[in-house]
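**Student:** Give the three-dimensional model of this entry:
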Amino acid sequence: MRAARRFLGRLIIILPIIIFSTLFGRGAFGDDCRKVVNILVLFDASGFMKEKDHYQILLRQMDLFGKAMPLTADGFFNIGLRHYGLKVGMGCNSTESILAIQPWDPERFINSFPKTVSYGTSAIAAGLRAAGDEIASANGKSIILLIGGGIDSCKADPIKTAEQICRNNPDVEIHTFQIGNSQDGTYFLKGIAQIGRGEYHNVAEFGSSAGWHAWMLKYWVKPCGGKSTPAPAGFNPILFDFNSFSVASKDPTTNAANRAALDAVAVALRQNPNIRVTLKGYSDGRGKPEQNLAIARKRAESVGQFLATMYGIPRSRIRVLAVAAGQQSASSPHAQDDRGSRRVEIELNQ
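**Tutor:** Numbers count the residues shown, from 1 in each chain. Take a look at the predicted model:
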């Protein structure tokens, strides 16, 4: 008994250090069931964006976008940037790639945006054509995010341009995000999204990184590739104390149940070397959405780290997802409190 207590005490001290190094190290776990590889952000830098601080709104949204990325998939996506309407004198050909599609780098992404905008011509159709060519040369499924006012000053029809892009690239999706409330802009951006098999939003809907995270989960991450099955009945969810992401609980019953579940998961993974495990982290919904997402992700990461460190499960067989606030787990032994919401659920995947 004393040996067990000493082991648990050491684990409580060491585990946060291991988790910290894992969270801030890149490529710690396998990818998060992604269904898209490449994202090209096409944004409006025309004269319209100088009005009513529209460009500052865009920069704010891209900051939230950047903060949502590591919560979503730890940088397993390629990101590119292209703008239209920045260069005065280029007229309806004013479009330029400023960040080639490449592995996600948050600092490079944010720093690539021009600090100020000019009074160039708004040419959505030209920007879309160039974005379509750029995406066509990338490998894997791709998405174009079109963010701006939605106004085309060149008497072109960007909806027809989007139709041509999708005809030439059947796997491409185009999603649009409007800044401001121009009626013409709404018409064009909704039409582009509809033709592009995507969604239209006004950026006013995204007030936090949690909003972007939810959108990314819907269109970038889920559904997972391969067949996914719930873990057997013997695999209870891993439950967590309040504001904690340690698998070692202060409650003896919970602590024993967590360890038994982890033992069972490890045995199943060892007996089935072709099976992978997906860990879905939840919070109890208290506090700000960003905090809930962060701790949900950390909980899934901590379970993955425990499986890798204590049982020797290869990290390539472990996938993690942050689902944030969740309802009580049906199999929770703590239905009377919030611990059943603070959990990591376990799924096995082929």
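**Student:** Only the buried residues of whichever strand or helix holds R270, if you could.
**Tutor:** Applying DSSP states H and E as the criterion places R270 in helix 252-271. Buried positions in helix 252-271, judged by neighbour count with 16 or more other C-beta atoms under 10 Å: T254, N255, A257, N258, R259, A261, L262, A264, V265, A266, A268, L269. The C-beta positions use only the backbone N, C-alpha and C, and glycine is treated the same way.
**Student:** These into JSON lines, with extra columns for distance to I159 and pLDDT?
**Tutor:** Listed next are these as JSON lines, based on distance: C-beta to C-beta, whole Å; pLDDT from 0 to 100:
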{"residue": "T254", "distance to I159": "55", "pLDDT": "86"}
{"residue": "N255", "distance to I159": "58", "pLDDT": "82"}
{"residue": "A257", "distance to I159": "56", "pLDDT": "86"}
{"residue": "N258", "distance to I159": "53", "pLDDT": "87"}
{"residue": "R259", "distance to I159": "57", "pLDDT": "86"}
{"residue": "A261", "distance to I159": "52", "pLDDT": "86"}
{"residue": "L262", "distance to I159": "53", "pLDDT": "87"}
{"residue": "A264", "distance to I159": "54", "pLDDT": "86"}
{"residue": "V265", "distance to I159": "50", "pLDDT": "87"}
{"residue": "A266", "distance to I159": "53", "pLDDT": "87"}
{"residue": "A268", "distance to I159": "51", "pLDDT": "86"}
{"residue": "L269", "distance to I159": "49", "pLDDT": "87"}
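**Student:** Throw those residues into TSV and include distance to Y84, thanks.
**Tutor:** Compiled in TSV, these are given as follows (distance: C-beta to C-beta, whole Å):
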residue	distance to Y84
T254	55
N255	57
A257	56
N258	53
R259	56
A261	52
L262	52
A264	55
V265	50
A266	52
A268	52
L269	49
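**Student:** How about the contacts made by G211?
**Tutor:** Listed by C-beta atoms under 8 Å, 6 or more residues apart in numbering, the contact set of G211 reads L64, E205, P289.
**Student:** Contact partners for the second one?
**Tutor:** The one in question is E205. Applying C-beta under 8 Å, 6+ apart, the residues contacting E205 are G211.
**Student:** repeat that for 10 Å
**Tutor:** Residues counted as contacts of E205 (C-beta atoms under 10 Å, 6 or more residues apart in numbering) are F177, Q178, G211, W215.
**Student:** filter those residues to the buried ones?
**Tutor:** F177, Q178, G211, W215.
**Student:** any idea how far the last one is from A204?
**Tutor:** Summarising the geometry, the distance separating W215 from A204, computed by C-beta to C-beta, to the nearest Å, is 14 Å.
**Student:** intersection of neighbour lists for the two?
**Tutor:** With C-beta under 10 Å, 6+ apart as the test, W215 and A204 both reach F177.
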